[in-house]
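[1] 3D model of this:
(chains A, B, C and D)
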Number of protein chains: 4
Amino acid sequence: MVLHTGRHFLQIPGPTNVPDRVLRAIDHPTIDHRGPEFADLGRAVLAGMQRVFRTEGPVVIYPASGTGAWEAALVNTLSPGDKVLMFETGHFASLWRKLAERLGLDPVFVPGDWRRGVDPAAIEARLRADAGQEIKAVCVVHNETSTGVTSRVPEVRKAIDAAGHPALLLVDTISSLGSIDYRHDAWGVDVTVAGSQKGLMLPPGLSFNAISAKALEASKTARLPRSYWAWDEMLGPNATGFFPYTPATNLLFGLREALTMLLEEEGLEAVFARHARHAEATRRAVRAWGLELLCQEPREYSAALTAVVMPEGQDADAFRKTVLERFDMSLGAGLSKLAGRVFRIGHLGAFNDLTLMGTLAGVEMGLVAAGVPHRAGGVQAALDHLAAEPQADSPKLAAAGE
Amino acid sequence: MVLHTGRHFLQIPGPTNVPDRVLRAIDHPTIDHRGPEFADLGRAVLAGMQRVFRTEGPVVIYPASGTGAWEAALVNTLSPGDKVLMFETGHFASLWRKLAERLGLDPVFVPGDWRRGVDPAAIEARLRADAGQEIKAVCVVHNETSTGVTSRVPEVRKAIDAAGHPALLLVDTISSLGSIDYRHDAWGVDVTVAGSQKGLMLPPGLSFNAISAKALEASKTARLPRSYWAWDEMLGPNATGFFPYTPATNLLFGLREALTMLLEEEGLEAVFARHARHAEATRRAVRAWGLELLCQEPREYSAALTAVVMPEGQDADAFRKTVLERFDMSLGAGLSKLAGRVFRIGHLGAFNDLTLMGTLAGVEMGLVAAGVPHRAGGVQAALDHLAAEPQADSPKLAAAGE
Amino acid sequence: MVLHTGRHFLQIPGPTNVPDRVLRAIDHPTIDHRGPEFADLGRAVLAGMQRVFRTEGPVVIYPASGTGAWEAALVNTLSPGDKVLMFETGHFASLWRKLAERLGLDPVFVPGDWRRGVDPAAIEARLRADAGQEIKAVCVVHNETSTGVTSRVPEVRKAIDAAGHPALLLVDTISSLGSIDYRHDAWGVDVTVAGSQKGLMLPPGLSFNAISAKALEASKTARLPRSYWAWDEMLGPNATGFFPYTPATNLLFGLREALTMLLEEEGLEAVFARHARHAEATRRAVRAWGLELLCQEPREYSAALTAVVMPEGQDADAFRKTVLERFDMSLGAGLSKLAGRVFRIGHLGAFNDLTLMGTLAGVEMGLVAAGVPHRAGGVQAALDHLAAEPQADSPKLAAAGE
Amino acid sequence: MVLHTGRHFLQIPGPTNVPDRVLRAIDHPTIDHRGPEFADLGRAVLAGMQRVFRTEGPVVIYPASGTGAWEAALVNTLSPGDKVLMFETGHFASLWRKLAERLGLDPVFVPGDWRRGVDPAAIEARLRADAGQEIKAVCVVHNETSTGVTSRVPEVRKAIDAAGHPALLLVDTISSLGSIDYRHDAWGVDVTVAGSQKGLMLPPGLSFNAISAKALEASKTARLPRSYWAWDEMLGPNATGFFPYTPATNLLFGLREALTMLLEEEGLEAVFARHARHAEATRRAVRAWGLELLCQEPREYSAALTAVVMPEGQDADAFRKTVLERFDMSLGAGLSKLAGRVFRIGHLGAFNDLTLMGTLAGVEMGLVAAGVPHRAGGVQAALDHLAAEPQADSPKLAAAGE
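    This is a model prediction of the structure:
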């Protein structure tokens, strides 16, 4: 066993590396969640989250994991036995389906091969076929964390519209929000689900719903039982910056700091460009190693993570174990039917060129150390790309004259 | 407006003052929740929480507020339309009832005057009258945070047994666990509900269920829909220290540290004795001021907080505002029907004699500043008590020869 | 042995209780002390310290304790064998004298009884008698931390001027700066010595010299050997925000935060008023207990600490030990010839009414617990004063319309 | 201007990257430096530093930068006008000489070319020529931070012994202690000088002297004036864990944590092996780039940092500026006569393979971005070495059965 020194490389696709500033913001005495100082905090984070979701509508913040926000999206808008159209983009889409079933919904699950995103044409066809409008919601995982595939949500919206179907559009952005361009209002999404521990650069423990007017209307007649997740309980107190039950105050301190970084300092466009550039460098490394990308649709490559297929006969988990023990880096495992066959490199959140290079070096050294057949040169390929394609100047800094 | 310097006194009855050590433990980089380091953390906090609950049975930890753990206790054990026997001990008992209703249960709500605890005789009578055994659960708030009254759970257990009724016993210990003696197994409780932000000395964001074998059995046939809160999903991964979805890792870092403090350093018996002593000093102060305790049953005085009735015609919220602005101390408000009529002093969590004296001095100076009629001398009365009745030596330290 | 919970009361007269914000500022990654980000930090703290010293002249910041800044004041301005006029105001004045002797200076030490400050008339007399102008410097401890006596520096200045003597005026403000009104320029001080761990609310490890033009001129011919402390080495790099050798970067992060609190938020006038008010409340408590103040000159009462004389036959250290073990509060010891005969209460730095009340309660309970003869009621006397004489509104907040 | 996200790479040769654990240890409330809790801290860090210096003799800890410990070594052992033999190994050796001159000593400065270490033969020759034994001390910089050259201290010792000369041997280990093998006792060193901000993984602000019996004896007759630095003042209180003046308590909290990491967890042998391996990988990168190492003596290559000569006509500072702005990494500048001609890569302190790879990638990308002529492939060369030569298993972990 090798003793680890220096910083661990947490390169799973979330939780991501939390910036020191955010951890230090969390590390402040808890305040009275009914007092005036809290109201300022509450208003700030609710308003900031609207900007991140790019919505004028309400945002709800739960003291919960992202899984809770999945549940919230469903129980607030649907009734027992409702049909929901879901797509097998990967492990998390499958989990969301299972959750829907447990809640008493009736998912129509369109099968997929875990190597591409939602097919908008298939959605349109399914909805056109639903003459009785039994399907009440279309549920899409924007960025499938298990595969590194980003579905094209605007095209899903167009497909629903083309079918003239009234189903709600519910989108999981747990591993895309704050990393990959996303627009709740402009894309006509009804409920967006998000979590704190990925692009928002926080520890896990907060999750979110952004809510359209149509979804809010649906919630008035939806009959799935709900209390903790109930939007109506939240929206009243939220109007003045408060919460109906005790919020996770210290994580909200961290959220305020992270929002300042994303919105005021870097700017969302620059955040997205940064992630896209790192993802391209990563893919160049993978190709140079002679390894295969799991995602087979270039326009759906994820900017947040890259899933890599192991060569035939090689165990991804043995490889990941070598990387963890020898190089103190956590990589993402292949999940359920991909177990042992892929590993995932997270390159989202608080991240920069040198950390990416350290990450890719850890992969390449791990391939050597674990005896995985590959060509050398992946790190060099990524390096060449990053050096040749500099990160764009920050529009925020430019505006500030720096 | 007075500028505040030094430390805020957070003397609401929770969230409580988080120890520096616990905040600093939270302020560490998030780790991979699927890796070996996490398994050690998970096992440690699950085992520690069993010791705090005093149970051999399973404990479940949610990334959620206490309200979530209320919901979890109900949805895991009950079915739509089930009758649950609940008691109007105060605001939180009323909220739990409302939550039960929203979930589709049928609460039988025994009215109360918010000045005493659950009446075991009334329980026995109600259960004896329930010939058809339609009541599936008895729900009791151990320490009613809105009133400072601690119900006698062992007597409730005896009452149920005396009635020979099979109802489950569900107990909310959100503001008692880690402050007031509580024994899940010995007292025959089926589900205990708890939260992180009171006696456990953590920020809000974690909540807990302790589960009896009988409750676990009930969960197999309970039909309320559930997924996020589902025990069965939790207990499998928990066996090896993991969680089915992303846990609030950094708060778990804090929980591990707090458990060390409570279990290894101070010891639960000493923790309870400390709280009882501070509560007695507080009541002596209140009496010396000529003010009235809300709790009218001495054997039900809470060791965690003290609710004080304002003199006729005096507004508790105006008084609390004065205390906050002039002396930088947060006191608890009167809730719902007690609004404006009582204020609450939290004396639980990480707390000591001098902080209690500062707290009581803030109350007495606030009474002066706000022009509330009272007698001077409350602080002196508390001081006399604390000086005369020293805190017991720590058995833990004694055992260690210190 | 009693197990301590909650926060320790650090009521020695320094190091003082460091605000959480300041500790958290220190808890950031160290930066390159030769890079552009550091220059901003360096300029900010140097400019802020000028405002605290109330000087337009240069300030030097050492990575050192206050003792180092004493040494710096002497070695930069004096030559071997130089006579320096010093006053026995207490333990620290005596230590400074000893330091001067070790450095090869020739202190003329005016004896004192440790119960009052420097006598300006005595200074004038001594200087008038120094026809040969052999005395090169007058060294005064502004606030004698061992006794709680604050010497009248402006009157010392007048005395020197009245004597028409060219001696430099060197003043130690280690336990007064940031707590008690002090004006380097207006009072005609040549070198002011200060440290980080008292009114500046930082951990120990930084110390300061503020330097007049006359002192700077003197440094050009002063012949005591010096390098680490040499002003000339410092002032060049300081002009652009840098230091000649590695500065204590993380403590400078804390200093920047503390300066924001003192200068931008509370404002120095409010800081001084707060300390004065707390000191008056403390003295009222002492008198009510029937104990004696060490300081015998009311116009020299310290606003930063109060030294209390034990009743005849009572051991101050046994009392302090009781207070530490039973109530987890550190009080200051009597030093050298006052050992065992006095204890000292620090009420400076980040401090507020409720913390003062907790502090005084700890003293009163300690007097009971240790069996020290006294009258009850000191806490009440302080409480009555604080309630009757509210802290003034903050001019800073008022200006901001709050 | 590019906005920086993620962690800054602080790859100057000190201050180094402070581990989160150490920063968090510093971020605790300051304690009474005269109380029993402090005594435990004081004893722990003094004993731990003896183990790091590998000495049975006393160690002194100053609240000061390393420059202060240089001064301390001289003023405690020498008298005005004493000759000291010093060697021009680089910038820091030159600074130490200048400091000696300012203190009134008479350095005999053996010139050097800044590309190799101290020549033991030259020392022997000089000492043999010193028939009158006017040279009182030989001063050597163990690891010259400005050049990346590590002098062979054991051979220096042999040279002094061979010359039969009684001069003291004073060694600066500011950038080697805790990174490169060093043995105060076994190598017969009289005073070792060290600082906190390099291999000890702390922020700057502490420095050290390790003292031989011979040096202690010399201090009794040494006549340079001293007080702050005086060993005799320190050693008395140190015996019980205390200090004569206020120590930098919070930095000592950090030191205790860092000592645990170095001594109890990793073990010094493993620490040295780690640094040597990273240095070798770095040199392989430099050679692959076609750049020149400043150090021209392979047996004197530093394990703590590597200084690289820029190609003719290329400005090292322009290159470093590009690296800082584009890749958020601080590299060390060429100092004084090397200004603009070399840059320095720090690879010491809390560091690991992936951070080294990120560092070297930053250098290679910087060479591209700044248009510095070089060959690609340095990163690959380092990667190949690290993958082929795994870090040794930790003897500490092996002993613990892990």
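
[2] per-residue confidence averaged over stretch A:110-126?
    The average pLDDT within stretch A:110-126 is 97.

[3] Next, the distance between the ends of that stretch.
    One end of stretch A:110-126 sits 9 Å from the other (Cα to Cα, to the nearest Å).

[4] buried stuff in that stretch?
    A:110, A:112, A:114-120, A:123-124, A:126 (16 or more other Cβ atoms under 10 Å in any protein chain shown). C-beta: built from backbone N, CA, C; applies to glycine.

[5] ok, so of those residues, who is nearest C:F243?
    Nearest to C:F243 among the buried residues of stretch A:110-126: A:G117, at 55.4 Å, using Cβ to Cβ.

[6] That closest one and A:E155 touch, don't they?
    No - using Cβ atoms under 8 Å, A:G117 makes no contact with A:E155, being 9.3 Å away.

[7] Remind me which helix or strand the residue positioned nearest the centre of chain A belongs to.
    Among the residues of chain A, the one closest to the centroid is A:S175, at 1.1 Å (Cα atoms, centre = their mean). Per DSSP states H and E, A:S175 falls between elements, in no helix or strand.

[8] Once you drop chain neighbours, what's closest to it?
    Leaving aside its sequence neighbours, A:S175 sits nearest to A:T145 (Cβ to Cβ, 6 or more residues apart in numbering or on different chains; 4.2 Å).

[9] Over to A:D181?
    A:F272 (5.0 Å).

[10] And A:V271, by the same measure?
    Nearest residue to A:V271, sequence neighbours excluded (Cβ to Cβ, 6+ apart): A:L262, at 6.0 Å.

[11] how does chain A divide into domains?
    Domain ranges of chain A: A:9-16+A:268-388, A:20-263, per automatic domain parsing.

[12] Now the stretch 301-402 of chain A against chain B: closest residue?
    Here the stretch 301-402 of chain A gets closest to chain B at one residue, A:S330, 4.0 Å apart by Cβ to the nearest Cβ.

[13] What's the separation between A:A285 and D:N352?
    20 Å (Cβ to Cβ, to the nearest Å).

[14] ok, the two, which is more surrounded?
    In this view A:A285 and D:N352 are compared by other Cβ atoms under 10 Å in any protein chain shown, and A:A285 has more residues nearby, 28 against 24.

[15] quick one: contacts for the closest residue to that one other than its chain neighbours?
    Of all residues not flanking A:A285 in the chain, A:G378 sits nearest, at 3.6 Å (Cβ to Cβ, 6+ apart). Residues in contact with A:G378, defined by Cβ atoms under 8 Å, 6 or more residues apart in numbering or on different chains, are A:284-289, A:360, A:363-364.

[16] likewise A:K198?
    By Cβ under 8 Å, 6+ apart, the contact list for A:K198 reads A:13-16, A:174-179, A:304, A:348-349.

[17] Repeat the analysis, applying 10 Å as the threshold.
    Going by Cβ atoms under 10 Å, 6 or more residues apart in numbering or on different chains, A:K198 touches A:13-16, A:66, A:143, A:145, A:173-179, A:204, A:304-305, A:346, A:348-349, B:246.

[18] coming back round to it: could you check how far the residue of the stretch 301-402 of chain A closest to chain B is from A:G117?
    Remark: distance between A:S330 and A:G117 (Cβ to Cβ) = 26 Å.

[19] all helices of chain A, in order?
    For chain A, applying DSSP state H gives helices covering A:20-26, A:36-53, A:66-77, A:91-102, A:120-129, A:153-163, A:213-219, A:231-238, A:249-259, A:268-288, A:316-327, A:353-369, A:378-388, A:395-399.

[20] Kindly calculate the angle that the fourth one makes with helix A:66-77.
    Helix A:91-102 runs at 40 degrees relative to helix A:66-77, counting by axes from the mean of the first three to the mean of the last three Cα atoms, to 10 degrees.

[21] Can you spell out which helices and strands pack onto helix A:91-102?
    Using 3 or more Cβ pairs under 10 Å, 6 or more residues apart in numbering or on different chains; DSSP states H and E, the elements in contact with helix A:91-102 are helix A:66-77, strand A:83-87, strand A:106-110, strand A:135-141, strand A:143-144, strand A:168-172, helix B:231-238.

[22] and the angle from the fourth one to helix A:153-163?
    It stands for strand A:135-141. Using the same axes, to 10 degrees: strand A:135-141 against helix A:153-163 is 160 degrees.

[23] what's the answer for the third one, then?
    For strand A:106-110 and helix A:153-163, the angle between their directions (the same axes, to 10 degrees) works out to 110 degrees.

[24] Who does strand A:106-110 pair with, and is each partner parallel or antiparallel?
    Strand pairing for strand A:106-110, using DSSP bridges, gives strand A:83-87 (parallel).

[25] What are the buried residues along the strand it pairs with?
    So strand A:83-87, judged by 16+ other Cβ under 10 Å, has buried residues A:83-87.

[26] Could you pull up the mean pLDDT of it?
    Strand A:83-87 comes out with an average pLDDT of 98.

[27] got it, and stretch A:14-32?
    On average, stretch A:14-32 scores 97.
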